[in-house]
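[1] coords below, sequence missing:
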């Protein structure tokens, strides 16, 4: 089994910050504009950052499987 390298984690964090921010702005722009922050939507925004991180870690870890 492949081990997750430190460089993969750093890259996944960078990708997650960029992609997660773009997705959060697209999906929740009205909340940012109004300033009306709701706990349930903040939880959804956190998940928005976790998904690109997970996909990046998975793809970079298993890309060298061959």
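    Perfect, thanks for sending it. Keep in mind that what you see is a predicted model, and the values were worked out from it rather than measured.

[2] helix or strand: which one has residue 58?
    Here residue 58 is covered by helix 39-62, with elements defined by DSSP states H and E.

[3] show me what that helix is in contact with.
    The contact list for helix 39-62 (Cβ atoms under 8 Å, 6 or more residues apart in numbering) reads 2, 4, 8-9, 11-13, 15-17, 19-20, 23-24, 27-28, 31. Every C-beta, even on glycine, is put in place using the N, C-alpha and C of the backbone.

[4] same thing but at 6 Å, please
    With contact meaning Cβ atoms under 6 Å, 6 or more residues apart in numbering, helix 39-62 is reached by 2, 4, 8, 12, 15, 16, 19, 20, 23, 24, 28, 31.

[5] distance of the third one from residue 26?
    Applying Cβ to Cβ, to the nearest Å, one obtains 26 Å for the distance of residue 8 from residue 26.

[6] between the two, who's got more neighbours?
    residue 8 (18 against 9; other Cβ atoms under 10 Å).

[7] give me the element that one is part of.
    Going by DSSP H and E, residue 8 is in helix 6-34.

[8] list buried residues within the contacts of helix 39-62.
    Burial by neighbour count, 16 or more other Cβ atoms under 10 Å: within these this picks out 8, 12, 15, 16, 19, 20, 24, 28, 31.

[9] got a pLDDT number for the residue most central in space within the chain?
    Taking Cα atoms, centre = their mean, the centroid of the chain lies closest to residue 49, which sits 2.7 Å from it. Looking at residue 49, its pLDDT reads 96.

[10] how close does it get to residue 3?
    Residue 49 is 23 Å from residue 3, by Cβ to Cβ.

[11] circling back: which other helices and strands does the helix holding residue 8 contact?
    helix 39-62 (3 or more Cβ pairs under 6 Å, 6 or more residues apart in numbering; DSSP states H and E).
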